[in-house]
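**Student:** Kindly return the folded structure for what I paste below:
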Amino acid sequence: MARYSRKLIVLFVASLVLAGFGAYQHITGNKPDRSLAGEIPVQVTATALPLNERDPSARRVGAMRYLAGWALTADHANFGGFSGLVVSKDGRLTAISDRGDWLEADLDLDAASPLANARMRPFSADATGQEKAALDSESVIAVGDGFLVAFEGKHRLVDVAADRTTAPSPLTAHMDFTGVADNSGLEAITFAGDYLFALRERGLDVQGRLRGWLVSAAGSEPVYFRPPANYSPTDAATMANGDVLVLLRRYSPLDGVSAKVVRLRGMDIVPGATLEGEELLHLEPPHSVDNMEGLDVIERPGELPVVVMISDDNFRASQRTLLLAFVLENS
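**Tutor:** Numbering: from 1, shown residues only. Next comes the predicted model:
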């Protein structure tokens with residue numbers, strides 16, 4: 001009888017931890033310092049990481065070769081929580097946090113410390129007086145000289161111009177968020193052909209699918225994504241050939257955090273389709289991995305694609321801001 005009691009206790013504790021994981025992503029150990037208005041220079045410290053903590057010589061996992069990785073810290077009170085990532089062709093990194101703060105820096109993946117000339121700033125000029133729930137950005141993509149940002153909680157898309165002024169995106173009007181929980185909304189956006197391809201984080205139907213959106217100026221059409229069991233999408237990026245890479249995260253109270261990257265063929269991303277990705281990468285302990293939430297891909301002529309991802313540390317001492325880079329050898 002005692003044996004079964006112990007099992008029940010373990011299961012009960014595990015269920016509490018699992019239930020709390022979604023909530024803890026929105027509970028921070030310290031509040032953002034909203035007095036930090038305007039752009040502020042940031043000194044970023046980078047500690048190099050092996051791919052595999054038990055085997056520092058390991059360089060490959062799945063279809064990818066490990067290029068480099070770092071744990072990042074900085075001398076800015078709001079540094080962390082990064083949930084969206086863009087890397088420009090000229091090597092400028094832009095990340096946005098789930099507190100709505102921007103990080104911009106020059107990225108050099110060959111350097112001992114990959115981020116130089118780093119600066120942080122609030123999401124917009126009026127961000128100082130806003131609550132975190134209004135600034136919970138989860139994905140960002142480049143649009144011309146500006147950006148398109150997806151928010152959950154207050155589900156919406158926001159256009160960010162080249163001068164960093166912001167305006168509600170008209171695409172939001174074409175998206176129905178009925179039944180989408182505050183912490184299960186827009187988690188991944190990217191362009192797929194003529195559409196904005198958008199995925200929610202959670203909310204599987206009876207067929208194990210997430211309902212997403214294919215949005216254009218004319219309206220939106222449904223599209224479905226069947227994620228790997230117990231994984232949730234956290235970001236997406238489109239390759240030059242039209243294929244879409246989707247970053248996913250899983251949390252287990254026994255095994256911790258793991259991450260996957262899957263590839264969706266561009267030709268398959270059409271209204272009404274049910275998409276299942278081809279797994280390219282699976283990170284789990286003892287790999288260097290945390291709550292991976294931001295993803296982009298760098299493609300230069302004559303070179304293999306480089307996949308870059310960043311983690312959301314939820315502003316917790318038990319987590320880290322990781323910047324990881326992989327060469328996609330099966331492109």
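
**Student:** Glu303 - how many residues pack around it?
**Tutor:** Per other Cβ atoms under 10 Å, the neighbour tally for Glu303 reads 9. For every residue, glycine as well, the C-beta is placed using N, CA and C.

**Student:** Oh, that last question was meant for Ile96, not what I typed.
**Tutor:** Ile96: 28 surrounding residues under other Cβ under 10 Å.

**Student:** quick one: secondary structure of it?
**Tutor:** strand (DSSP: H, G, I helix; E, B strand; the rest coil).

**Student:** How about Leu196?
**Tutor:** Relying on three-state DSSP, one would call Leu196 strand.

**Student:** Nearest residue to it in space, please, no chain neighbours.
**Tutor:** With sequence-adjacent residues excluded and distances taken as Cβ to Cβ, 6 or more residues apart in numbering, Leu196 is closest to Val215, at 4.3 Å.

**Student:** Kindly report the same for Asp268.
**Tutor:** Of all residues not flanking Asp268 in the chain, Leu275 sits nearest, at 6.0 Å (Cβ to Cβ, 6+ apart).

**Student:** longest strand anywhere in the chain?
**Tutor:** strand 64-74 (DSSP state E).

**Student:** what's next to it, contact-wise?
**Tutor:** Contacts with strand 64-74, where a contact means Cβ atoms under 8 Å, 6 or more residues apart in numbering, come from 42-51, 58-60, 79, 109-110, 113-115, 118, 120, 261, 280-281, 288, 306-307, 320-329.

**Student:** After it, heading C-terminal, what element do we hit next?
**Tutor:** Next helix or strand after strand 64-74 toward the C-terminus (DSSP states H and E): strand 82-87.

**Student:** Which residues outside that following strand are in contact with it?
**Tutor:** 93-98, 103, 107, 137-142, 147, 149-150, 234-235, 293-296, 298, 308-312, 321.

**Student:** Just the buried subset of those residues, please.
**Tutor:** 93-98, 103, 107, 137-142, 147, 149-150, 234-235, 293-296, 298, 308-312, 321 (16 or more other Cβ atoms under 10 Å).

**Student:** mind listing what Gly256 touches?
**Tutor:** Contact analysis of Gly256 by Cβ under 8 Å, 6+ apart lists Glu284, Pro285.

**Student:** That one and Leu283: what is the separation?
**Tutor:** From Gly256 over to Leu283 the distance is 11 Å, taken as Cβ to Cβ, to the nearest Å.

**Student:** Show the backbone phi and psi for the closest residue to Ser220 other than its chain neighbours.
**Tutor:** Leaving aside its sequence neighbours, Ser220 sits nearest to His174 (Cβ to Cβ, 6+ apart; 4.2 Å). Dihedral pair for His174: phi -90, psi 0, per degrees, to the nearest 10.

**Student:** ok, now the one 10 residues further on?
**Tutor:** Geometry field for Ser184 lists phi and psi as phi -130, psi 20, criterion degrees, to the nearest 10.

**Student:** That one reaches Glu201, doesn't it?
**Tutor:** Yes - counting by Cβ atoms under 8 Å, Ser184 does reach Glu201; the two are 5.0 Å apart.

**Student:** Can you work out which residues contact both of the two?
**Tutor:** Listed as contacting both Ser184 and Glu201 by Cβ under 8 Å, 6+ apart are Glu152.

**Student:** So for those two, which residue has more residues nearby?
**Tutor:** Glu201 (23 against 18).

**Student:** Tell me which helix or strand the closest residue to that one other than its chain neighbours sits in.
**Tutor:** Closest residue in space to Glu201, ignoring its immediate chain neighbours: Glu187 at 3.9 Å, by Cβ to Cβ, 6+ apart. Counting by DSSP H and E, the element that carries Glu187 is strand 186-192.
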